[in-house]
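J.: Please work out how this folds:
(one chain, ligands or ions: 3)
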Amino acid sequence: MSGHELDSAALGKVGMMRQKQPDMYVMRLKAVAGDLTADQLACVAVVARKYGRGFVHLSTRQGIEIHYVHKDNLETARLELLEAGIEMGACGPRVRVIVACPGDDSCRWGNIDTKKIARELDARYFKQEAPSKFKLAVTGCSHNCTKANENDIGIRGAIEPKWEASDCNDCGLCVSLCPLHSISRVDSDEGFSYEIDWESCINCSICTSLCPSGSWAIGRIGYTLFIGGTMGKIPRLASVLKQLVETEEELYLLIDKAFGYYCANGRKKERFGHMIDRIGLDTVKEAILGTE
Ligand code: SF4
Ligand code: SF4
Ligand code: SF4
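T.: Residues are numbered from 1 along each chain as shown. Ligands and ions are numbered 1, 2, ... in the order given. Down below sits the predicted model:
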C-alpha cells in the first residue's frame, strides 16, 4: 500500500479508516464477542506503540482501534497483528463485528451461550455486503447489556416460566417483582393460582430467578429475536420478530431469511429498520416467518 493513493472504500472493507489528519489511519480490530487473549492484547500494545501513538481507543461496540497509523505502515502493522491471530474489523455497508455479552459463560443471569452464537454468526456473516451497515448483537438475558434492540439483528436469551402450584407459599412476591405486571393471583373454587398474561410477558426470567420457593420453573428456554434496531441519525428500536425461538437451528434460519430479505429489498444506504418502516412490519414479518 505504501507510496500510492489509497482506496478508502477498499480499506474500509478491512477495517481501516482515514483520519482527518493527512496520511493517518485508524486500524479497527476484530474482537468477536469482545474477547481477546492476554497475548493478543500484548501484541496490540506493541503495535500501538510501534505504529500508532502508544494508545488505543475502545469503541462502543467492543472494538479496539489503533489510531494515528501512517498509511505506509498499515500493511506491516496488519501482518504483525495477524501473526497474533488478530484480524481487522469492518467499516462501510457490510456486516460488522458481532457483539455479545458474557452470557452463561460467566454471568449469573445468563440464559444462553452468547459467545458460541456470536462466533457462529461471525463465521456466517462477517463482512458480507449489505445495503447499509449491518450490526448484530447477542445478549444473555433481559438485562440486555449489549442493547440487542439497538441492532439490525438482536438476540436475547429468553425463558418462558411455568407455575408449579405444589411449591408455592402464596407470598405474592412475583406479582410485585414482575416488571411488566404480567403475573396475577387468581382465586377459584379449587384454591388460588398464579397466572401470566402472555401478551405482556417478555420472558425476562425475573420470576424464575427470584421466586423464593422455586415455584416459577423454567418452562421453555430460547431466544427472543429482534429485527431492525438502529441508533445513528434516525434512531429506531428493534421490533420483535419472534418472542421465543426454541432452537439454534431455527434461530439461524430466521436470521438468514431476515438478512436475505433486507439484502433483496433494502435501498442503498437504507438501514434494515427504515426499510421495515417503509414496507411495513407486518409484511416483512410475514415474508420472514411465513415459510417457516
Ligand atoms: S445481558 Fe444478562 S447475561 Fe448478559 S451480561 Fe447482562 S446480565 Fe449478564
Ligand atoms: S413468588 Fe413464588 S412462592 Fe411467592 S407467590 Fe409467586 S410463585 Fe408463589
Ligand atoms: S418472565 Fe418476566 S415478564 Fe414474564 S411473568 Fe416472569 S417476571 Fe413477568
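J.: Assess the claim that residue 131 and residue 270 are in contact.
T.: Yes - proximity of residue 131 to residue 270 meets the contact threshold set by CB atoms under 8 Å, at 5.6 Å. C-beta: built from backbone N, CA, C; applies to glycine.
J.: Please say which of the two ends up with more neighbours.
T.: residue 131 (19 against 16; other CB atoms under 10 Å).
J.: what about the nearest residue to the more buried one once chain neighbours are set aside, distance to residue 289?
T.: Excluding its sequence neighbours, the residue lying closest to residue 131 (CB to CB, 6 or more residues apart in numbering) is residue 266, at 3.5 Å. Counting by CB to CB, to the nearest Å, the gap from residue 266 to residue 289 is 18 Å.
J.: In terms of neighbours, single out the busier of the two.
T.: Taking neighbours as other CB under 10 Å, residue 266 and residue 289 compare with residue 266 leading, 21 against 14.
J.: ok, now which ones touch the more buried one?
T.: Neighbouring residues of residue 266 by CB atoms under 8 Å, 6 or more residues apart in numbering: 130, 131, 132, 272, 275.
J.: mind pulling up the phi and psi values for it?
T.: Main-chain torsions, residue 266, degrees, to the nearest 10: phi -70, psi 140.
J.: same question, residue 217
T.: phi -90, psi 170.
J.: Let me know whether it touches residue 164 as I believe.
T.: Yes - Residue 217 lies in contact with residue 164 (CB under 8 Å); the separation is 5.3 Å.
J.: separation between residue 125 and residue 139?
T.: For residue 125, the distance to residue 139 - CB to CB - is 17 Å.
J.: neighbour-wise, which of the two wins?
T.: Neighbour comparison, residue 125 and residue 139: the larger count goes to residue 139, with 27 against 19 (by other CB under 10 Å).
J.: what pairs with the more buried one across the strands?
T.: residue 156 (DSSP bridges).
J.: which residues sit in contact with it?
T.: Residue 139 touches 100, 101, 103, 114, 145, 146, 147, 148, 154, 155, 156, 157, counting by CB under 8 Å, 6+ apart.
J.: Mind telling me what element residue 45 is part of?
T.: Using DSSP states H and E, residue 45 falls within helix 38-51.
J.: mind listing what's buried in that helix?
T.: 40, 43, 44, 47, 48, 51 (16 or more other CB atoms under 10 Å).
J.: Same check on stretch 220-232?
T.: Going by neighbour count (16+ other CB under 10 Å), the buried part of stretch 220-232 is 221, 222, 223, 224, 225, 226, 227, 228, 229, 230.
J.: try stretch 58-72
T.: Applying 16+ other CB under 10 Å to stretch 58-72 flags 61, 62, 63, 64, 65, 66, 67, 68, 69, 71 as buried.
J.: pretty sure residue 51 contacts residue 67?
T.: No - with contact defined as CB under 8 Å, residue 51 does not count as touching residue 67 (10.3 Å).
J.: where do the strands sit along the stretch 151-292 of the chain?
T.: 153-163, 183-188, 191-196, 216-227, 239-245 (DSSP state E, counting those that start in this stretch).
J.: ok, now the stretch 1-150 of the chain?
T.: Listed in chain order (using DSSP E, counting those that start in this stretch), the strands of the stretch 1-150 of the chain are 16-18, 24-29, 56-58, 64-70, 99-100, 136-139.
J.: and of those strands, who's closest to residue 245?
T.: Nearest of the strands of the stretch 1-150 of the chain to residue 245, taken as CB to CB: strand 136-139 at 12.6 Å.
J.: That closest one near ligand 1 anywhere?
T.: Yes - on the criterion CB under 6 Å from any ligand atom, strand 136-139 is in touch with ligand 1 at residue 139.
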